[in-house]
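Novice: Give me coordinates for this.
(chains A and B)
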Amino acid sequence: MKLFIAFFSASTLIVLAKPDGAQLFTTNCSACHQLDQMVVGPSLAEIRQIYNGKPDAFVKWSVNPMKKRPNVIEMPSMVHVGEEGLLAIYEHVMKVAEGVKAKAQVEGDPFATSPTQAKRPLVQRMFMPDAGPAAIAVALDDSVSLCWDAGECRLRYAWNGGFIDGYPYWSGNGSSLAKILGNIRYVEKESPFAETVDPRFLGYKIEDELPVFAYQVGSRKVTETFSAIADARGFTRSFKISPAPSGPIEMDMPSDQGVSYSSDKGTWTGSKLKLKAADAAAFTIKILFK
Amino acid sequence: MKLSILSSIVCLSVSASAWTEYFSFEKIQNPEGIDPQVGAMDTLKDGRIAVAFHRGEVMIYDPADKSWSLFASGLQEPLGMLSEEDGSILVMQRAELTRLKDLDGDGVADEYQTVFDGFGMSGNYHEFSYGPARDAEGNLYIALGVASNGAPMREEIRGEFSEIGKVNREQMSTRAGWGKNKGPAGRMYSRVPWRGWVLKISPDGSQMEPFASGLRSPNGIGFDAKGRLLVTDNQGDWRPTSPLYEIKKGGFYGHPASLVWTEGWDGRDPMDMAVKELDDLQDAPVGYFPQGELANSPTWPVITPKGALPDGLVGQTLIGEMNQPSLVRVLDDEVNGKFQTALLAMFDGSPLGIGNNRIVFGNDGAFYVGKTALSWAGESGIMRVKWNGKPFFAVEAIKAVPNGFAIRFTQKVDNNTLKSIEVESNTYEYRSNYGSPKKDLQKLEISQIELLADDKTVILNLKDFKEGYLHAIDMAGVLSTDGNKLLGKKAWYQLNEAP
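Specialist: Residues are numbered from 1 along each chain as shown, chains lettered A, B, ... in the order given. Predicted structure coming up:
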C-alpha cells in the first residue's frame, strides 16, 4: 500500500511536474527551520500555528520577510522559489507539523556549571565589551576578573563581583558579546608603557593556574601576570622585561580610576612610577580598588 | 520507464537501512557537563582522539577505556586542529592559530603559544577561522571566512580597515541604522585584511604568504592523497550551490569581497565589477554539491585510511555535511591534467544524523564524526562509525571518457539493471544573489551502455555531453550480480574539461 502511494505520487510528480514541497523545503528552508525547535528561525510547529489556513500570508511573508523578533536575524527573501513552489512548501510544512508541539526554549545557560566554566581561576577567550575583538577574559579568583586584549597586548579593565555570562555569545551565532557580571573598577585607556610601538602577542603560559601573558615590543619581550588581592580589594600585576631595559622607564598609570597604586620597586609621583634600569627587569604593581 | 521508477522506489524503501548491514553507528558518551558541539578534531599518534568543543575546551578521548581528559580550555570557537610530532596540538581559533604545549608532561597544556595572528578581525560573528592544513614541507594553510551583513562590524577592530565600499567605517560599525546600511555593505564583506583568503604560513609561523582569494565561508581545508589542497565553501551570495575548490597559488575562487586585499589592487569596489569580469577572473569549482540534494553546508575534507573502508575506496577524500544526514565521497578524475570530481552521498539513510562538522579516523579505522550546530541546524556530540569488514556494492570511481563516463563499481554488476541509469545535466548562474536554481536542466539521452569484460566497469555514452555542466548520474536501479543494492546511488560529476 505504502509502495503504491509512493509510486503514485512519484508518477504524478513526473507527469504534472508539480513542485515537490518536501524537496524545496530541504533545499531552501531546512538549514534554519526545524520541526519542533527554534534554531535560526521559528520551528515548523510554530509556523503552522501562525499560518495554518493562510497560504497567501505564508507566501507573502516568504517573498517579503521582515524583522519581527528581537535577537533573530531577518530571513532572506524566498522570491526565487516562486509562488507555486512556496505553496508547495506551505503544504509540506502544514502537513509535517500537524499535531507537533514546539519544545520550550531552555532558559539560561545549561552549561554554566560545567567543570570548565565554573572553575577558578579561569582564562576564556571571548567577545568582550569595550575591548578589541581578540579579547581574553580572566577570572583571577571568585571575585576579581579582568579583560586582556590580545590585539593591543594590554590590560583593558578589571572588575569585581562575578565573572562573565558568555551565554548570549555561545547560544547564538556569535554576534553577541559576553556580559560582565559585576562592577568595572578599573579601566586603562592605553598601555602604561611610554613606548609600545606595534606590540606582537606571543601567547600565554599557565603558571599556578593563572596566565602569564607574553608580548614582543621591539627587541624586548614583556611578560605580564596578575593575581587577585583577597576580598575583592584589587589585584597585583607583575612585569618582566627581557632583555632588561638599558635605562630607566616610566609607567604612566591612569590617574582617574579611584584606585591606589603601590609597587615593590621604583618611586611614585602621583600615578607615575619611575623605575631605574636595574629595577625595570622585574617589578610588581599593586592596584587597590577604593 | 514506469518499471524503472518502480524499481528505484523499491530500492529506496528497502535499502534505507542498508548501510547498517556494513557499518555500526554508535554515539559516544559526551564529556560530563561540556557543551558537546564539536569544532575540531584530530587523532593523536597513540590513537586517542583530540576534540575541541564550542566553548574552547580541548579534550582527549581514549577509545580504549572510553574516558575523557581535559587538555586545554578557554579557546574561542576552535574550528581546526592538527596534532604535531612532539605531542603539541595546533588549534585554529577565532583570533589566531595557537600551539598548545604540555611543557611538564602532565597531560595538560601549560602554554598557549600564538603561532600566527596576522589577520584582521572586524568583530563580526561570521569571520570564522579555519585550518590549518599542512603540506609536505610543513607549511600551514589557513582559511578565513568573510563577515556577514547580518550584523555590522564592531567599533574596535584588529588590523587595517579597507575604505573600499559604499558604507564608511562609522556606518559599518553602528548598529543603529544598520538596516539601511547592510545592503550597500554587501551581503558578505571583507573590510579587514585577509578575510576570504587562504594564507600560507611557514612552519614556525614567522612568514605569511597571501595564497588565494575569493572564499566565502570555507569550513573545510585539507590536502587529498595526491597533495591537492581542497577547500569547501557554502552556498550563498556568489555561490549558486556549495562548491569544492582545488586551491592553487594566486587563484581567485569567485566570492569578490576579498579582492580588495589583492596586492596592487586598483581600488575598485568589487561590488561595482561586472559579473562577466568576475566570472572571467574566477577559477571554477572542481565539484558542486547540489543544494538540498547532496549537501547544503559541506565541511572538512579527509583522506580515508586503510581499514576504514574496502581497499578500493581507501585513499579517497571524504567530506562532512551539516544539513543532510550523510557524508560526501569525492571521486577524483583528471582530464588533460585538470582535476575535477564526482561527488556522491555516503551513509545517506543511515542513523548518522546531521551536523557532521568534522571527521577523523581512529587507529582501528573507525570514523569519529564530530557534530555541531552553532545556532544553525545541526546536532552535537560524536558518532563513531565502524565498518564490519564485509565488502559492499558501491561506486568505486567515475572517470570522464570521450562522450561520457566510465563508472567502476566495487562488485560485478547485473547487466540487466544498467538501463535504469538516468543522467541529467545542468549549470548554475554565477551571481550576487543568495544561491541559484539549476539552469539548463535537461535529461540526457544515453546512446549506449556497455559493460566491460571485468563486469565491474560500465561505459556510458551520452548525447549532449557538455563541458561546464554538472552531470547527475542516477544509478538507484543498478544491482550487483548478487542482487545487492548500491550504497550511494547518485553521483554529480562536474565536467569542466571533457576528454
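Novice: Could you use CA atoms for every contact and neighbour count after this?
Specialist: OK.
Novice: quick one: the helices in the stretch 1-150 of chain A?
Specialist: Counting by DSSP state H, counting those that start in this stretch, the stretch 1-150 of chain A forms helices over residues A:2-16, A:21-28, A:44-51, A:55-63, A:83-96, A:115-118, given from the N-terminal end onward.
Novice: for stretch B:78-87, what is the average pLDDT?
Specialist: Stretch B:78-87 shows a mean pLDDT of 97 in the predicted model.
Novice: Ends of it, what's the gap?
Specialist: Looking at stretch B:78-87, the gap from its leading to its trailing residue is 18 Å under the measure Cα to Cα, to the nearest Å.
Novice: swap in stretch A:114-123?
Specialist: Taking Cα to Cα, the first and last residues of stretch A:114-123 lie 14 Å apart.
Novice: contacts for it?
Specialist: Contacts made with stretch A:114-123 from outside it, assessed by Cα atoms under 8 Å, 6 or more residues apart in numbering or on different chains, are listed as A:111-112, A:136-142, A:209-211, B:32-34, B:57, B:73-74.
Novice: So which of the helices of the stretch 1-150 of chain A is nearest A:M75?
Specialist: For the helices of the stretch 1-150 of chain A, proximity to A:M75 was assessed by Cα to Cα; helix A:55-63 is nearest, at 8.1 Å.
Novice: who does the closest one touch, helix- and strand-wise?
Specialist: If contacts are counted by 3 or more Cα pairs under 8 Å, 6 or more residues apart in numbering or on different chains; DSSP states H and E, helix A:55-63 sits against helix A:83-96.
Novice: Could you list the residues of the stretch 1-150 of chain A in contact with chain B?
Specialist: A:3, A:6-7, A:10, A:23-24, A:26-28, A:30-34, A:39-40, A:73-74, A:80, A:111, A:113-116, A:122-127, A:131-134 (Cα under 8 Å from any Cα of the partner chain).
Novice: Quick one, which of those residues are buried?
Specialist: Neighbour-count burial within those applies to A:7, A:10, A:23-24, A:26-28, A:30-34, A:39-40, A:111, A:116, A:122-127, A:131-134; the criterion is 16 or more other Cα atoms under 10 Å in any protein chain shown.
Novice: Okay, now the unreliable bits of chain B?
Specialist: Screening chain B residue by residue with the criterion pLDDT under 70, one finds the ranges B:1-17.
Novice: all helices of it, in order?
Specialist: Using DSSP state H, the helices of chain B run over residues B:2-14, B:169-172, B:178-185, B:275-281.
Novice: neighbours around B:E293, how many?
Specialist: By other Cα atoms under 10 Å in any protein chain shown, the residues close to B:E293 number 15.
Novice: Repeat that for the one 5 residues further on.
Specialist: Per other Cα under 10 Å, the neighbour tally for B:P298 reads 30.
Novice: Now it. Nearest residue, chain neighbours left out?
Specialist: Among residues not flanking B:P298 along the chain, B:E321 sits closest, at 4.3 Å (Cα to Cα, 6 or more residues apart in numbering or on different chains).
Novice: Quick one: end-to-end length of stretch B:339-353, please.
Specialist: The straight-line separation of the ends of stretch B:339-353 (Cα to Cα) is 31 Å.
Novice: my bad, should have said stretch B:420-440
Specialist: Start to finish, the residues bounding stretch B:420-440 are 23 Å apart (Cα to Cα).
Novice: go on, stretch B:136-151?
Specialist: 39 Å.
Novice: Break chain B into its domains for me.
Specialist: Listed by automatic domain parsing, the domain ranges of chain B are B:25-387, B:395-495.
Novice: Any idea how far the shortest one is from the middle of the chain?
Specialist: Read it as domain B:395-495. Mean-position distance between domain B:395-495 and its chain equals 22 Å (Cα atoms, centre = their mean, to the nearest Å).
Novice: again with the first one
Specialist: In terms of Cα atoms, centre = their mean, the centre of domain B:25-387 is set 8 Å apart from its chain centre.
Novice: My guess is B:S24 contacts B:V385. True?
Specialist: Yes: counting by Cα atoms under 8 Å, B:S24 touches B:V385, with 5.4 Å between them.
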